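sequence-free structure coming up:
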């Protein structure tokens, strides 16, 4: 078992590991249990009752967090011609519209947080799958990151405002950032509520039994705080 430092142990001492916290209480507590000198990211970790091997039990969607993520989001757009012009005018940080840029990305130039593409570029983008895929940067229509030139402006602005993609991983878990430790508890709670609503709407048709089994929130390198799963069950019941 890994040894924890004094800061972590002091933070962990504030958390009752046997308690299921109400969301608002958890948001207040997570701010008190940050252990880093930098402004930690607040992350939600969700254990689902889904089977990732089943095609009808997949989850992949997006949510626009009302208070954003508390960081500058760098957006890369794969577009050419009029699409590239539209992307630059809409505030894209990087535009990949030539083979030279494509080769840079293939070589590991990944100084961006979100990648958006126009449909006509997906043939070229597909060849970057081995680089973009493992980092969750591959444009995808379901995630709203493959859009026509007329929708580039909206997609770029949403990405910069706090549009977050979430997906089921191979271990049946979902991990999502909802802000920074410097956020107020109310702002974190608003973002958390938006995420829960998006997860409810994204419930797959093949889901059986309890959809969201366990919810834990934590800051980067901070202790986990368990949130009462009845929150998720209540959301399910409201369908």
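Looks like it came in fine. Quick caveat: nothing in here was measured; it's all calculated off a predicted structure.

contacts and neighbour counts: CA atoms only from here.
OK.

Wasn't residue 210 part of a helix?
No - per DSSP: H, G, I helix; E, B strand; the rest coil, residue 210 lies outside any helix segment and is coil.

okay, now the domains of this structure?
Under the assignment automatic domain parsing, the domains of the chain span 6-69+163-237, 75-161.

what would those domains look like in CSV with mean pLDDT and mean neighbour count?
Listed next are the domains of the chain as CSV, based on pLDDT from 0 to 100; neighbours: other C-alpha atoms under 10 Å:
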stretch, mean pLDDT, mean neighbour count
domain 6-69+163-237, 90, 18
domain 75-161, 90, 18
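
helices or strands up against the longest helix seen in the chain?
Longest helix in the chain by number of residues, with DSSP state H as the criterion: helix 185-201. Using 3 or more C-alpha pairs under 8 Å, 6 or more residues apart in numbering; DSSP states H and E as the contact test, the elements touching helix 185-201 are helix 23-32, strand 60-64, strand 173-180, helix 230-237.

what's the angle from the longest one to strand 173-180?
Regarding helix 23-32 and strand 173-180, their directions subtend 70 degrees when assessed with axes from the mean of the first three to the mean of the last three C-alpha atoms, to 10 degrees.

and helix 23-32, what other elements does it pack with?
helix 185-201, strand 212-219, strand 225-227.

what about the first one, distance to the chain center?
I take that to be helix 185-201. Distance, stretch centre to chain centre, for helix 185-201: 12 Å (C-alpha atoms, centre = their mean, to the nearest Å).

same thing with the last one?
Chain-centre distance of strand 225-227: 19 Å, with C-alpha atoms, centre = their mean.

going forward, begin numbering at 4 instead of 1
Right, with 4 as the first residue, what we last looked at is strand 228-230.

Give me the contacts around it.
If you take C-alpha atoms under 8 Å, 6 or more residues apart in numbering as the criterion, strand 228-230 is touched by 18, 20, 22-26, 29, 33, 217-221.

repeat that with 6 Å
23, 24, 25, 218, 219, 220 (C-alpha atoms under 6 Å, 6 or more residues apart in numbering).

Kindly report the same for the first one.
By C-alpha under 6 Å, 6+ apart, the residues outside helix 188-204 that reach it are 30, 31, 68, 69, 181.

Tabulate these (CSV), appending distance to residue 49.
Shown next, in CSV, are the contacts of helix 188-204 (distance: C-alpha to C-alpha, whole Å):
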residue, distance to residue 49
30, 16
31, 19
68, 17
69, 20
181, 13
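
And the residues you listed, which is closest to residue 12?
For the contacts of helix 188-204, the minimum distance to residue 12 (C-alpha to C-alpha) is 18.2 Å, reached by residue 31.

and the closest one, how far is that from residue 189?
8 Å (C-alpha to C-alpha, to the nearest Å).

Next: residue 226.
According to C-alpha to C-alpha, residue 226 and residue 189 sit 20 Å apart.

Save the helices and strands packed on helix 26-35 as CSV, and put in distance to residue 124 too.
Shown next, in CSV, are the helices and strands packed on helix 26-35 (distance: least, C-alpha to C-alpha, whole Å):
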stretch, distance to residue 124
helix 188-204, 29
strand 215-222, 36
strand 228-230, 42
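
All set now, cheers.
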